[in-house]
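**Q** Pasting the sequence and the predicted coordinates here, then a few questions.
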Amino acid sequence: MKRSSEAEWYRDWFDQDYLELYAHRDQVEADRFVDTIWDRMNVTPGVRVGDFPCGPGRHSRSFALKGAIVTGIDLSPFMVRRARETVAGLSPEPRILRADLRALPLVPQFDLVANLFTSFGYFEDEIENETVFGELARVVSPGGRLIIETANREAVVANFNRAEQFTFGSLQVDIRRELIESGRRVEKRMRLLKDGRERRIVERVRLYRPEEMESLARTKGLTVLELWGDYEGHPYTTHSPRMILIAGKR
């Protein structure tokens, strides 16, 4: 049995070290993806957007700059603080809340709910992942849409990189990856060295097939509209870098 601390790895990982490790996933990338969402999904100013989880607020900022009325939610106190700094002064200024995606403190109100940058499939118990999907779907207003961006399982398996070492700024990183549960989940064990301080982190994320995501959408009362394979909105293929589900609510 896995240690409870590892099973709940997501509770302590999303902090400054995380932002440094993923510094290449920046505001420019977020703006580019939101541009695609805005254009391809015919989004207009005044739309109500839920950014769940919002992380440091880069997508919330992108949506708000286009005139969306944004609510962001994250479990990490650090990310909530950072997101509030990121969106401060915008008009309309996004509302940033701290909450668990398994129990969103919201009523159905959003024209678009966005779950971006591989923020789905964190839980060991698949029922909890399904609960998150259900909550994301629940708060979508009738006629609204849900977009969920995850890794493309087929591409991950085909190009699997078991180990890598690199230095990013003052951060030295040693990563070991493993496909577990017959390839249903990827486990990443990281050793971080910074200013003489060592930190060990584990990430475990569920890898979904397209048919699994589509089945989840239908189970939660949504209609699958499209499946993209990248941030430009190209159709999904097994070679696509991402798997991006777009579903609508009647």
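**A** Perfect, thanks for sending it.
**Q** rest of the way, CA atoms for contacts and neighbours
**A** OK.
**Q** In a strand, residue 11, correct?
**A** No. Assessed with DSSP: H, G, I helix; E, B strand; the rest coil, residue 11 is helix; it does not lie in a strand.
**Q** Make 31 the first number, not 1, from now on.
**A** OK, 31 is where the count begins now, so the last one is residue 41.
**Q** For the protein, which segments count as strands?
**A** In the chain, the segments counted as strands under DSSP state E are 78-81, 99-104, 125-128, 140-145, 170-181, 193-198, 201-210, 215-224, 227-236, 252-258, 272-279.
**Q** can you list the ones you listed in CSV and add mean neighbour count, distance to residue 42 and mean pLDDT?
**A** Output for the strands of the chain, formatted as CSV (neighbours: other C-alpha atoms under 10 Å; distance: least, C-alpha to C-alpha, whole Å; pLDDT from 0 to 100):
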stretch, mean neighbour count, distance to residue 42, mean pLDDT
strand 78-81, 26, 20, 98
strand 99-104, 24, 13, 98
strand 125-128, 20, 14, 98
strand 140-145, 25, 20, 98
strand 170-181, 21, 21, 98
strand 193-198, 12, 21, 92
strand 201-210, 16, 18, 95
strand 215-224, 17, 14, 95
strand 227-236, 16, 9, 95
strand 252-258, 19, 31, 98
strand 272-279, 24, 26, 98
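**Q** for those, which one sits closest to residue 187?
**A** strand 201-210 (8.1 Å; C-alpha to C-alpha).
**Q** what's the domain layout of the chain?
**A** Here the domain parsing of the chain from automatic domain parsing is 34-183+238-279, 186-233.
**Q** And the residue nearest in space to the middle of the chain, how far from residue 226?
**A** Nearest residue to the geometric centre of the chain (C-alpha atoms, centre = their mean): residue 149, 2.8 Å. Applying C-alpha to C-alpha, to the nearest Å, the value for residue 149 to residue 226 is 30 Å.
**Q** now do residue 39
**A** For residue 39, the distance to residue 226 - C-alpha to C-alpha - is 23 Å.
**Q** Stretch 174-192: end-to-end distance?
**A** 40 Å.
**Q** what comes into contact with it?
**A** 140-150, 166-167, 170, 205-208, 213, 237-239, 259, 268-280 (C-alpha atoms under 8 Å, 6 or more residues apart in numbering).
**Q** Name the residue most distant from the centre of this structure?
**A** residue 226 (30.9 Å).
**Q** I am assuming the residue nearest to the centre of the chain contacts residue 81, so please confirm or correct that.
**A** No. If you go by C-alpha atoms under 8 Å, residue 149 and residue 81 don't touch, sitting 10.8 Å apart.
**Q** re earlier: for residue 201, see how far away the residue farthest from the centre of the chain is.
**A** 10 Å.
**Q** Repeat that for residue 76.
**A** Separation of residue 76 from residue 201 (C-alpha to C-alpha): 41 Å.
**Q** Just put the strands of the chain in TSV and tack on distance to residue 158.
**A** Below are the strands of the chain laid out as TSV (distance: least, C-alpha to C-alpha, whole Å):
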stretch	distance to residue 158
strand 78-81	19
strand 99-104	16
strand 125-128	18
strand 140-145	16
strand 170-181	16
strand 193-198	29
strand 201-210	19
strand 215-224	15
strand 227-236	12
strand 252-258	19
strand 272-279	19
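**Q** Minimum distance to residue 64: which of those strands has it?
**A** Minimum separation from residue 64 across these (C-alpha to C-alpha) falls at strand 140-145, 10.1 Å.
**Q** CA atoms only: put the closest one into CSV for me.
**A** Output of strand 140-145 as CSV, limited to C-alpha atoms (Å, rounded to 0.1, in the frame of the first residue of the first chain):
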residue,chain,number,x,y,z
PHE,A,140,-20.6,29.1,-15.9
ASP,A,141,-20.7,29.3,-19.6
LEU,A,142,-17.3,27.7,-19.8
VAL,A,143,-15.5,25.6,-17.2
ALA,A,144,-11.8,25.0,-18.0
ASN,A,145,-9.7,22.3,-16.4
